[in-house]
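Undergrad: predicted model and sequence below, questions to follow.
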Amino acid sequence: MKTDIENHQQGHRERLYAKLDDGIRLTDLEQIELFLCTIIPRIDVKPAAHKLCRKYKTIKNILLDSELDELAKIDKVGPATLRNIKIYRQLFFSTTRCQLAERPILATGEQMLDYARYVFRGAKVEIFYVLYLNQNKHMIKDEKHAQGTHNRVAGYPKEIFIEAVKTRAKFVLLMHNHPIVPEGGGLFSNNDIELTDQIKIELGKYGIELLDHILFQNNALFSARNWNLIK
């Protein structure tokens, strides 16, 4: 026989499910409650949901932007919950990639920031990504081009050129990260600028335009074109 507390918890969850089924918008707290209780159905998850909402403020911060080791410190947030958050992040990233393939890319737009946050999450070294775009600036293909050290990554203009021709790209978008802010707080290094110029020249031989080179640093995007580093 269920206790009064268990009956109350079940009734509370059923009311939340009823709101969901009726298309009634749930609060952030209620959404996190339902997310947790589908993973750990026999435990009162409301205290954990309250703690998550107080600490992280928004659902996006909880499910996408939080560090998993910090989430794990909250009571009732165990391995199963963390695994489901990883699944959610994979699904969100796949959706973001689909959107980049369906509409023109804005180099410093919100979708590109979401993309960068996912691919560079937890990176301790510099990583170089290349996105190949069609004439409408929709993504055809994205790839991890190279991985370097904590303060430098190599790029290979000839390989990027060959892949651009293979995919019939009309534009190419470069992206890399700075896991450690350079001394003096600068953005693009001399190496970054030289590599950008080399890739632009190589692509130009076949009439392919370098759309931009984006730097992900301090959880923000910076455009080489906006900084007049692409002539």
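TA: Alright, I've got the coordinates. Numbers count the residues shown, from 1 in each chain.

Undergrad: tell me which residue lies nearest the centroid of this protein.
TA: Tyr118 (2.8 Å; CA atoms, centre = their mean).

Undergrad: so what's it closest to, chain neighbours aside?
TA: Spatial nearest neighbour of Tyr118, excluding adjacent residues (CB to CB, 6 or more residues apart in numbering): Phe93 at 4.5 Å. Heads up, the C-betas are built off the backbone N, CA and C, glycines and all.

Undergrad: my guess is that neighbour contacts Ala116. True?
TA: No: in this structure Phe93 lies outside contact range of Ala116 using CB atoms under 8 Å: 10.9 Å.

Undergrad: quick one, phi psi at Ser223?
TA: phi -100, psi 130 (degrees, to the nearest 10).

Undergrad: residues near it, how many?
TA: 19 (other CB atoms under 10 Å).

Undergrad: and the helices in this structure?
TA: With helices called from DSSP state H, the chain shows them at 4-21, 28-37, 46-56, 59-60, 68-71, 79-102, 110-119, 157-167, 190-204.

Undergrad: distance check, the residue nearest to Tyr118 against Asn84.
TA: 15 Å (CB to CB, to the nearest Å).

Undergrad: quick one: low-confidence ranges for the chain?
TA: The model of the chain has pLDDT under 70 over residues 1-9, 184-185.

Undergrad: domain parsing for it?
TA: As assigned by automatic domain parsing, the chain contains the domains 4-93, 106-223.

Undergrad: about what we covered before: so for Phe93 and Ala116, which sits in the more crowded spot?
TA: Ala116 (22 against 17).

Undergrad: distance check, the more buried one against Ala18.
TA: From Ala116 across to Ala18, the span is 39 Å (CB to CB).

Undergrad: and what of Phe188?
TA: 54 Å.

Undergrad: these two - which one has more neighbours?
TA: Higher neighbour count among Phe188 and Ala18: Phe188, with 20 against 10, using other CB under 10 Å.

Undergrad: counting neighbours, what do you get for Phe161?
TA: Neighbours around Phe161, by other CB under 10 Å: 20.

Undergrad: which residues touch the nearest residue to it once chain neighbours are set aside?
TA: Nearest non-adjacent residue to Phe161, counting by CB to CB, 6+ apart: Glu202, 4.5 Å away. If you count contacts by CB atoms under 8 Å, 6 or more residues apart in numbering, Glu202 has them with Pro157, Lys158, Ile160, Phe161.

Undergrad: identify, from these, the entry nearest to Glu33.
TA: In terms of CB to CB, no member of these lies closer to Glu33 than Ile160, at 47.0 Å.

Undergrad: wait, doesn't that closest one sit right on Ala146?
TA: No: in this structure Ile160 lies outside contact range of Ala146 using CB under 8 Å: 10.0 Å.

Undergrad: which one's more surrounded, the two?
TA: Ile160 (25 against 17).

Undergrad: how close does the more buried one get to Ala80?
TA: 41 Å.

Undergrad: related to what we said a few turns ago, columns distance to Gln99 on top of the domains of the chain, output as CSV?
TA: Compiled in CSV, the domains of the chain are given as follows (distance: least, CB to CB, whole Å):
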stretch, distance to Gln99
domain 4-93, 11
domain 106-223, 6
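
Undergrad: can you tell me which of those is most buried?
TA: For the domains of the chain, average neighbour numbers computed from mean count of other CB atoms under 10 Å are highest in domain 106-223, which has a mean of 17.

Undergrad: tell me how many other residues crowd the closest residue to Asn136 other than its chain neighbours.
TA: Nearest residue to Asn136 in three dimensions, chain neighbours excluded: Pro104, at 6.1 Å (CB to CB, 6+ apart). When neighbours are counted by other CB under 10 Å, Pro104 registers 13.
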